[in-house]
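Asks: Sequence and predicted structure, then a few things I'm wondering about:
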Amino acid sequence: MKSAAVLGLLLPLAACVAQPDIPSARADFTALCAGCHGDGGRGDGDMADTLDQKPADLTTLAARNKGAFPGTRVMAQIWGYAKPGGRVMPEFAVLLDSEVVPYDGGDGILTPTPIRLVQLEQYLRTLQR
């Protein structure tokens, strides 16, 4: 009986290992975001001065939201389904072409979301000061 229980725990782990490699969130951030937002996410990337609108300082997202990271709003921005007037941030189709996982941005609603977007949102949480 114990063997079956251990096997039941190991099978999901084996499925994770067998999945194809996907870039880390840091790699995606560097490739797709740092040019405008900078390596540290402060809005000081190499291209920032060429834009009409200064890129957001991503390190203050939680501070600007009374200390709570605004996961749902961030996901809306990086996924591209929230397009307020004057949005200059591009859509990142390459991030959409990945496995879909349940994601809760803090509103209690699980939404099927491409894993690379979830990883990027989680990485942005680590940049908060």
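Replies: Nice, I can see it.
Asks: For this structure, just list every one of the helices.
Replies: In order along the chain, the chain carries the following helices (DSSP state H): 2-18, 25-32, 34-37, 71-79, 93-96, 115-126.
Asks: Lowest average pLDDT across these?
Replies: When these are ranked by mean pLDDT, helix 2-18 comes last with a mean of 44.
Asks: Tell me the spacing between Trp128 and Gly71.
Replies: That one is not Trp; residue 128 is Gln. According to Cβ to Cβ, to the nearest Å, Gln128 stands 12 Å off from Gly71. (Each C-beta comes from the backbone N, C-alpha and C, glycine too.)
Asks: residues contacting the closest residue to Gly106 other than its chain neighbours?
Replies: Counting by Cβ to Cβ, 6 or more residues apart in numbering, Gly71 is the residue found nearest to Gly106 once chain neighbours are left out, at 4.3 Å. For Gly71, the set of contacting residues under the criterion of Cβ atoms under 8 Å, 6 or more residues apart in numbering consists of 104-107, 121, 125.
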